[in-house]
Every structure is written in structure tokens, then in C-alpha cells.
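**Q** no letters, just coordinates:
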């Protein structure tokens, strides 16, 4: 079933929240196991979101891809 425009907007916002969380944790010099698990969950979420093919052209994946890379580097 195709996502509606509202669903895409909500998914994009949720992915943006994951980017913010990953960036915040990745900036720390050391991480707890819980923080690493949080990064893992959020990078997994972003990978699922980036893989979707029905995004609007105005919805850039650049920040999402960078957060995936940065987050995985901290694991």
C-alpha cells in the first residue's frame, strides 16, 4: 500500500528526529551501552526510511545518510 503525503511527511519528521538523536550521541567522546543501542536502533530506522522509493523530490536523504555513516562509526 502506498504511503499518503501525510504519512511521508510524518515518516520524514521521525527520520529527522533520529538524525538529531544520532548526531547528539555521536558528538559525545564516549558512549554507554544503552547509548550505543540507541544509535543502532536509530541507524536501522534510517536505513529502512532511506530505502523507501516514494519520497518527494524535496525530501533530501543527505542528512539521513550522513547520520547513518556517523552513527555506525560510533558503534
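**A** That came in fine, so what should we check first? What you see is a predicted model; the values in this text were computed from it and never measured.

**Q** just the pLDDT for the residue most central in space within the chain.
**A** Among the residues of the chain, the one closest to the centroid is residue 46, at 3.4 Å (Cα atoms, centre = their mean). For residue 46, the pLDDT comes out at 98.

**Q** show me what contacts it?
**A** Applying Cβ atoms under 8 Å, 6 or more residues apart in numbering to residue 46 gives the contacts 15, 18, 19, 22, 64, 67, 68, 71. Just so you know, the C-beta spots here come from the backbone N, C-alpha and C atoms, and that holds for glycine as well.

**Q** mind putting the residues you listed into a markdown table with distance to residue 35, neighbour count and secondary structure?
**A** Formatted as a markdown table, the contacts of residue 46 follow (distance: Cβ to Cβ, whole Å; neighbours: other Cβ atoms under 10 Å; DSSP: H, G, I helix; E, B strand; the rest coil):
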| residue | distance to residue 35 | neighbour count | secondary structure |
| --- | --- | --- | --- |
| 15 | 19 | 23 | helix |
| 18 | 14 | 22 | helix |
| 19 | 16 | 19 | helix |
| 22 | 10 | 28 | helix |
| 64 | 20 | 23 | helix |
| 67 | 15 | 24 | helix |
| 68 | 17 | 22 | helix |
| 71 | 11 | 25 | helix |
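
**Q** could you say which helix or strand contains the closest residue to residue 59 other than its chain neighbours?
**A** Spatially, and ignoring its direct neighbours in sequence, residue 59 is nearest to residue 12 (5.2 Å; Cβ to Cβ, 6 or more residues apart in numbering). Using DSSP states H and E, residue 12 maps to helix 5-26.
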